[in-house]
Every structure is written in C-alpha cells, then in structure tokens.
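A.B. asks: Okay, here's the prediction I keep looking at, along with the sequence it came from:
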Amino acid sequence: MTPSSDGFSAFRETAQLAGEVIGVLLAGVIIGAWGAIKNKKISVLWKRKHEQRLIEAHSQIHEILTELRITVRACRCLIFQFHNGGSFADGSSIKRFSVTHESCSTLSQTMILESQDVLLSRYSSLMEILETQPGKILAVNTLPMSAFRSSLEINSVEYFSIVPLRCSDGISPLGFLVCHWCSSDSLDEIESEGISQSSIESIIVDSANTVNSHLIYKTGKQ
C-alpha cells in the first residue's frame, strides 16, 4: 500500500467520524428544538384551556345569580370576594373586598363600579351578620347606623340577605353572596303565593353553595 493511499484512508476515516459526530449533534439539536416546540404548544393549549374554563365558570356563576334574582324577586344579586389591598406600616395585610359578579333587574342601578377595593375594617357590622345570621332576610332599617347600612340605603335597598362563601377547606373566607330587595312588595308577593320566608332563605343558601363550588373551581382557592 502506498503512502498516498494510507493518507487517503486516514482522511476518509476522519471525515466519516466527523460526519457521525455532526450527525449526532444535529439530531440532538433537532430533537431539542422539536421538544421545545412541543412544550410551547402544550403550554399554549393549557393556557387556552384554562382561559376557556374561566370564561365558562364566570358564565355559569352569572346564570346562577340571574336565576336566583328572578326566583326570589330581588332587585340585584352580587358576589363579593375578599382580597389583599397592600399593607400597613407594620407589614400586616390590608383586607379588602370587591364585587366580582352581579345580576341586576332592568330598574336597578349596578353597584359593581362603586364596590371595588372596599376596606373591610369599615364593615364590621357586615362581618357580624355573616357570622350570626347567614342567609336570613333582614330589614335595613333594623341595622345600627354604620357604613354598611349607609351603603345599602344609598342604593335604595330595603331588605337584604347575605351568605358567606368559603375556600375548599370549608373554613377560610372566600367572599359572600348578597341579595337586595329595593321594595318589600316583591317579598310580600312571593309570600302571598304561599312561599314562606324560610323557603326563600333556603333557596338563597342553596344557590350560594352552588356558586361557591364554581368559584373554587374557577379560582383554584384551596
């Protein structure tokens, strides 16, 4: 074998080895790129699915509120949810609540814009009712003077019912559902049809429980 043929064989073997190395590297790059594209597609699909779930849950909650409002002849039904709104100088959290869902009759004014980032500490009487009289239909004029009573009177509310909403542990507060009646005539009309006030209150509590399950599913509150 001549020296030139030996050199050519060595060059060919080197080129073949280099080709194999480059092939492996290219395959790795392609596989990596394909994996990244696949993961991105999965991420996009998950995001779209999550967004769709939120839209469906919101729609279901609004339908429940509207059905409840019509059933109990309320002027409006609302859902308030608790949230943090900054912190005090000592680092403790400032608790607030906001309207997140609302169903109003055509003759009632919406409260959703005026009821955002409400300072919870101003509504201690509301929290007391949540603890002691959940679901009960109460007359506004029987409440002590407070920010809570004033907010109801400003919005022409004569009777109301409020039910707590909780996280999936059944303990941690999530928010509350409220029904407003701007006239006693609607309640009198229902009772004249043979439906007792306790039955109306049971309907409100049942609807609140259904809303609660949708909210937990929507927000993922644990």
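C.D. replies: That came in fine, so what should we check first?

A.B. asks: List the residues that contact the nearest residue to Leu130 once chain neighbours are set aside.
C.D. replies: Closest residue in space to Leu130, ignoring its immediate chain neighbours: Pro164 at 4.9 Å, by Cβ to Cβ, 6 or more residues apart in numbering. Any C-beta I mention is one placed from the backbone N, CA and C, and that applies to glycine too. Listed by Cβ atoms under 8 Å, 6 or more residues apart in numbering, the contact set of Pro164 reads 130, 134, 173, 175-176, 208.

A.B. asks: any idea which helix or strand carries Pro164?
C.D. replies: According to DSSP states H and E, Pro164 maps onto strand 159-166.

A.B. asks: Can you give the strand pairings for that strand, parallel or anti for each?
C.D. replies: strand 138-139 (antiparallel), strand 173-181 (antiparallel) (DSSP bridges).

A.B. asks: For the very next helix or strand once past the first one, the averaged confidence score.
C.D. replies: Proceeding N to C from strand 138-139, the next assigned helix or strand is helix 147-154, under DSSP H and E. Model confidence over helix 147-154 averages 94 on the pLDDT scale.

A.B. asks: Helix 147-154 packs against which elements?
C.D. replies: Counting contacts by 3 or more Cβ pairs under 8 Å, 6 or more residues apart in numbering; DSSP states H and E, helix 147-154 packs against helix 124-132.

A.B. asks: try 10 Å
C.D. replies: strand 118-119, helix 124-132, strand 159-166 (3 or more Cβ pairs under 10 Å, 6 or more residues apart in numbering; DSSP states H and E).

A.B. asks: So, low pLDDT: which residues of this protein?
C.D. replies: 1-21, 23-25, 27-29, 32-36, 38-47, 49-54, 87-88, 91-92, 217-222 (pLDDT under 70).

A.B. asks: isn't Glu57 right next to His214, touching?
C.D. replies: That one is not Glu; residue 57 is Ala. Yes - between Ala57 and His214 a contact is recorded at 5.2 Å, counting by Cβ atoms under 10 Å.

A.B. asks: Distance of Leu187 relative to Arg96?
C.D. replies: To Arg96, Leu187 is 31 Å away according to Cβ to Cβ, to the nearest Å.

A.B. asks: again with Val140
C.D. replies: Val140 is 23 Å from Arg96, by Cβ to Cβ.
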